[in-house]
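>>> Predicted model follows, preceded by the sequence.
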Amino acid sequence: MICYNIIKIRYHFKLRQVVKLTGKNVFKLRVAITVSIIITILAGATWLLAAPEGRPVLVTTIFPLAELARGVAGNRAEVRQVIPPATEIHNFQLTPSDLKLLNKADLVIAVGGGLEPWLVRLEKSLGQKDARTLRFIDFLRSISYPALRQDDPHVWLDFQADLLLVERLLEELSRLDPEGSGYYQERARALNLELSALDSSFRRELASCRQKEIIIAGHQAFAYLTARYGLVSVSLSGPHPEALPGARRLQEIIKLIKDKKIEAVFYESSEPPAYASTIARETGARLFSLSAGVNLTGVQLSSGKTFLELMADNLKILKSALGCE
Ligand SMILES: [Zn+2]
């Protein structure tokens with residue numbers, strides 16, 4: 001009966017939505033249909049939820065979170081990632097198979113801060129808001145993390161924050177699988193040693209650079225990184241790439257580069273370098289690509305590049321581009 005009522009409610013929702021099928025509404029409709037199907041399946045067959053061999057299932061949204069989760073979970077828990085590592089996260093849209101995956105999760109690990117609006121919508125339609133979701137930004141806010149930036153979701157590029165998330169993941173996994181707590185503890189310790197080492201290399205190797213400004217010819221993805229190592233981040237647009245930069249902002253950046261005789265300009269490796277090329281042409285600055293650790297190229301994916309390796313590559317690029325001793 002409960003199932004029937006849910007379907008009835010969804011059916012009316014669908015009828016209303018059919019009236020105006022704009023792109024957004026088609027998406028909502030798809031989500032509504034899939035959610036109602038899944039709710040029906042779940043009500044009748046909860047055994048489908050069981051993880052293989054009873055391992056906890058962690059579902060993450062983006063590559064860096066999946067990497068940190070895998071780092072702690074090892075082979076005792078299953079870690080899955082919703083947003084494919086070659087996809088632009090800011091424009092991601094959920095598919096029915098993602099919904100199945102999210103429903104299987106013992107814990108969903110997300111960034112928060114507006115980066116995954118589809119997850120908020122899904123939680124609302126399932127009526128389980130925040131019950132099983134660990135949001136990186138909310139977690140940092142709950143411990144009053146001092147370097148948390150207002151309205152900037154790129155927090156995984158702060159290695160100290162990553163280290164704290166690893167500790168939190170250790171707690172969650174030990175709760176889901178108490179027998180494995182010693183195993184998780186060992187792995188979390190090893191991962192945090194690597195994160196600390198990476199953080200120290202960034203601090204040491206970027207301590208005295210000829211150029212302090214990181215000019216990003218794109219959206220502001222690297223402000224956590226620059227703030228942490230005493231560099232200055234200047235970007236064409238804000239932390240959300242939907243807002244395209246205007247011609248005036250482009251001219252401001254070009255003037256800044258000329259005035260300060262800045263030699264290196266950066267762009268996020270997954271963004272089309274059109275603005276970067278214009279800036280380079282106008283100023284003679286050299287272009288360098290940085291990875292935000294999220295949109296991996298085919299080559300990076302097939303070679304099994306890790307998040308920490310991508311960050312180590314960033315350090316090499318920064319060192320040479322900024323003229324650091
Ligand atoms: Zn971004």
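Thanks, I have it.
>>> how much space is there between the nearest residue to T306 once chain neighbours are set aside and E205?
Leaving aside its sequence neighbours, T306 sits nearest to E67 (Cβ to Cβ, 6 or more residues apart in numbering; 6.1 Å). (C-beta placed from N, C-alpha, C; glycine too.) Going from E67 to E205 by Cβ to Cβ, to the nearest Å gives 22 Å.
>>> which SS class is the nearest residue to A285 once chain neighbours are set aside?
Spatial nearest neighbour of A285, excluding adjacent residues (Cβ to Cβ, 6+ apart): V265 at 4.4 Å. Assigned with DSSP: H, G, I helix; E, B strand; the rest coil, V265 falls in the strand class.
>>> what is V265 paired to in the beta sheet?
I215, L287 (DSSP bridges).
>>> Contact partners for it?
Residues in contact with V265 (Cβ atoms under 8 Å, 6 or more residues apart in numbering) are 215, 217, 257, 276, 279-280, 283, 285-288.
>>> Backbone dihedrals for T133, please?
Taking degrees, to the nearest 10, you get phi -110, psi 130 for the backbone angles of T133.
>>> burial measure for it, as a count.
By other Cβ atoms under 10 Å, the residues close to T133 number 22.
>>> Got the confidence number for it?
Per-residue confidence (pLDDT) for T133: 93.
>>> contacting residues for the nearest residue to it once chain neighbours are set aside?
Excluding its sequence neighbours, the residue lying closest to T133 (Cβ to Cβ, 6+ apart) is V108, at 4.4 Å. Contact analysis of V108 by Cβ under 8 Å, 6+ apart lists 58-61, 102, 119, 132-134.
>>> In three-state terms, label V108 for me.
Look at V108: counting by three-state DSSP, its state is strand.
>>> got it, and the one 4 residues further on?
Each residue gets one of three states, and G112 gets coil by three-state DSSP.
>>> measure it to P153 for me?
To P153, G112 is 7 Å away according to Cβ to Cβ.
>>> Overlap of the contact sets of those two?
Common contacts of G112 and P153 (Cβ under 8 Å, 6+ apart): I137.
>>> name the element G71 belongs to?
Using DSSP states H and E, the element containing G71 is helix 63-73.
>>> Just the mean pLDDT for that helix, thanks.
98.
>>> Check the offset of it from the chain's centre.
12 Å (Cα atoms, centre = their mean, to the nearest Å).
>>> The closest residue to A190 other than its chain neighbours: neighbour count?
In space, A190 comes closest to G71 once its chain neighbours are excluded; the distance is 7.9 Å by Cβ to Cβ, 6+ apart. G71 has 22 neighbours, counted by other Cβ under 10 Å.
>>> likewise the one 4 residues further on?
Residues within reach of N75, counting by other Cβ under 10 Å, total 9.
>>> Report the separation between it and K124.
Separation of N75 from K124 (Cβ to Cβ): 34 Å.
>>> Start from the N-terminal end of the chain and give the helices.
Secondary structure of the chain by DSSP state H: the helices cover 2-18, 23-44, 63-73, 96-104, 117-126, 136-142, 159-176, 181-205, 223-228, 247-259, 274-283, 298-302, 307-322.
>>> Lowest mean pLDDT across those helices, which one is that?
Across the helices of the chain, helix 2-18 has the smallest mean pLDDT, namely a mean of 35.
>>> circling back: got a pLDDT number for the residue nearest to T133?
Predicted confidence (pLDDT) for V108: 95.
>>> now do I143
On the pLDDT scale, I143 is placed at 97.
>>> quick one: the residue lying closest to it once chain neighbours are set aside from A247, how far?
Distances taken as Cβ to Cβ, 6+ apart place L164 nearest to I143, at 7.1 Å, with adjacent residues excluded. Per Cβ to Cβ, L164 is found 41 Å from A247.
>>> quick one, which of those two is more surrounded?
Using other Cβ under 10 Å as the criterion, L164 and A247 rank with L164 on top: 17 against 7.
>>> Against L140, how distant is that one?
7 Å.
>>> picking that back up, just want to know which of E67 and E205 has more residues nearby.
Counted by other Cβ under 10 Å, E67 and E205 do not tie: E67 has more neighbours, with 22 against 17.
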